[in-house]
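Engineer: I'll drop the sequence and a predicted model, then ask my questions.
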Amino acid sequence: MARNSNTLPSIGRRTLLILTALAAVLVTACSSGTGSSPAASGAASTAPAASGAGAGSGGPIGVTLITKTATNPFFVAMAAGAKESADKLGITLTVAAGTEDGDTATQITAIENAISRGDKGILITPGGPDVNPAIKKARDAGLTVIALDTPPDPPDTVDITFATDNFEAGKLIGQWTAVTLDGKPAVIAMLDLFDDKVVSVDYNRDQGFLTGMGIDTADVAKNGDEAATGNYTGGKGGTYTIACNQATKGAEAGGQTAMETCLSANPNINVVYTINEPAANGAYKALQAAGKTDVLITSVDGGCAGVDLVKTGVIGATSQQYPLKMASLGVQAISDLVTSGKVPAVSEGLDFFNTGVALVTDKPATGVDSITSDAAAAICWGTK
């Protein structure tokens, strides 16, 4: 099906200040000694409601943003985008987060709190399918629920999703890898998100990467079921071996441990796919410790720190996404729906609204569109 990109938004110059302040609030909430989670406390940031913002209800529009974690820079940036948009629209914003990627219990508590507060809408990066019943409960209670970054399965679990085309993001780094290999054999480590649950962002990036390499995928919605050896057809083509599929939980420590496990299985790995840049940095540390220097590391996110990893040569190529745009569009969509009844529409040919993606590398590959790390640094997550 057709895949398209959309123009990046213009983000206010004060977003850097918002990022710093909001990160401090979120981290404080996570490390509180009271024993309450960020979602359970329901606290993070609020913006005063504009007069009449309740669209006839006489009260403010309340929106809750629920991210996977409060510490991953991607979600800190997303929260900053939501807060900036809420401030402009006069919306009362509550921010909650899981304690780690996959913490659906805390996300469910945050959904329950949003219903109890009488919020008009929820923005959520789903940590897994366990949140689906709670999302249904919220929608049955009249809340608009919008997914960000991670489309749920099935997609109609929510009203709409604003996200990167994660399959396309994976495909871009796969195409870059195939061309860069220049016909050499590929011994591949696949460093995924989970091995105990199925999440669309996980399999879309993984399967997109393999598709970009020109490797047949058995089930495009399942990681690790493709042939372990064969031929890749991207670039000049060549032979491939998939040495491992390991979970990282999207964390640096997880990436390092996963890479160590993969190297134990096959020390000849020369290509590493990673679910995100923290995992990529962890993989790099493991490779350095093993004395492996000639390895292509690829990833997805394109945050400022990740772009710097491209610039310094840690990551060969990454696909940049735009979490501030996701959050800003989500807040705006709930405001529009409450105040005017305007319903957001998905992108043509997709079952979600595509917020765009760009390949970032300082070693461009023939036939694969990309931008440099300098260009990516100017727009990384909309914070500059």
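Structural biologist: Done, it's in.
Engineer: pLDDT weak spots in the protein?
Structural biologist: 1-58, 382-384 (pLDDT under 70).
Engineer: domain ranges for it?
Structural biologist: Taking automatic domain parsing as the domain assignment, the ranges for the chain are 15-164+322-351, 166-320+358-382.
Engineer: Mean neighbour count added to those domains, as TSV?
Structural biologist: Using the backbone N, CA and C atoms, a C-beta is placed for each residue, glycine as well. Putting the domains of the chain into TSV (neighbours: other Cβ atoms under 10 Å) gives the following:
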stretch	mean neighbour count
domain 15-164+322-351	21
domain 166-320+358-382	21
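Engineer: Stretch 203-222: end-to-end distance?
Structural biologist: 6 Å (Cα to Cα, to the nearest Å).
Engineer: repeat for stretch 369-376
Structural biologist: End-to-end distance (Cα to Cα), stretch 369-376: 13 Å.
Engineer: Run through who's touching it.
Structural biologist: Outside stretch 369-376, the residues that touch it by Cβ atoms under 8 Å, 6 or more residues apart in numbering are 172, 176, 302, 307-308, 310-311, 317, 320, 358-362, 364.
Engineer: And for stretch 329-339?
Structural biologist: 9, 53-55, 61, 63, 65, 82, 85-86, 89, 91, 93, 120-121, 123, 144, 146, 148, 160, 162, 342-344, 353, 355.
Engineer: In strands, which of those fall?
Structural biologist: Val63, Leu65, Leu93, Gly121, Leu123, Thr144, Ile146, Leu148, Ile160, Phe162, Phe353 (DSSP state E).
Engineer: any idea what sits nearest the residue most central in space within the chain, other than its immediate chain neighbours?
Structural biologist: Geometric centre of the chain, nearest residue: Asp149, 4.9 Å, by Cα atoms, centre = their mean. The shortest distance from Asp149 to any non-neighbouring residue, by Cβ to Cβ, 6 or more residues apart in numbering, is to Thr125 (4.8 Å).
Engineer: quick one: the one you found and Met326, what's the gap?
Structural biologist: 9 Å (Cβ to Cβ, to the nearest Å).
Engineer: Show the residue spans covered by the helices in the stretch 151-300 of the chain.
Structural biologist: 166-181, 200-213, 252-265, 277-289 (DSSP state H, counting those that start in this stretch).
Engineer: can you put these in JSON lines and add distance to Gly235?
Structural biologist: Formatted as JSON lines, the helices of the stretch 151-300 of the chain follow (distance: least, Cβ to Cβ, whole Å):
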{"stretch": "helix 166-181", "distance to Gly235": "4"}
{"stretch": "helix 200-213", "distance to Gly235": "8"}
{"stretch": "helix 252-265", "distance to Gly235": "23"}
{"stretch": "helix 277-289", "distance to Gly235": "21"}
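Engineer: Any idea which of the ones you listed gets closest to Asn72?
Structural biologist: The closest of these to Asn72 is helix 277-289. By Cβ to Cβ, the value is 7.0 Å.
Engineer: Restricting to C-alpha, output the closest one in PDB.
Structural biologist: Provided in PDB are the C-alpha atoms of helix 277-289 (Å, rounded to 0.1, in the frame of the first residue of the first chain):
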ATOM      1  CA  GLU A 277      19.300   4.700  19.600                       C
ATOM      2  CA  PRO A 278      19.700   3.900  23.300                       C
ATOM      3  CA  ALA A 279      19.800   0.200  22.300                       C
ATOM      4  CA  ALA A 280      22.300   1.100  19.500                       C
ATOM      5  CA  ASN A 281      24.600   2.800  21.900                       C
ATOM      6  CA  GLY A 282      24.600  -0.200  24.200                       C
ATOM      7  CA  ALA A 283      25.300  -2.500  21.200                       C
ATOM      8  CA  TYR A 284      28.300  -0.200  20.300                       C
ATOM      9  CA  LYS A 285      29.700  -0.500  23.800                       C
ATOM     10  CA  ALA A 286      29.600  -4.300  23.600                       C
ATOM     11  CA  LEU A 287      31.200  -4.300  20.200                       C
ATOM     12  CA  GLN A 288      34.000  -2.000  21.300                       C
ATOM     13  CA  ALA A 289      34.700  -4.200  24.300                       C
END
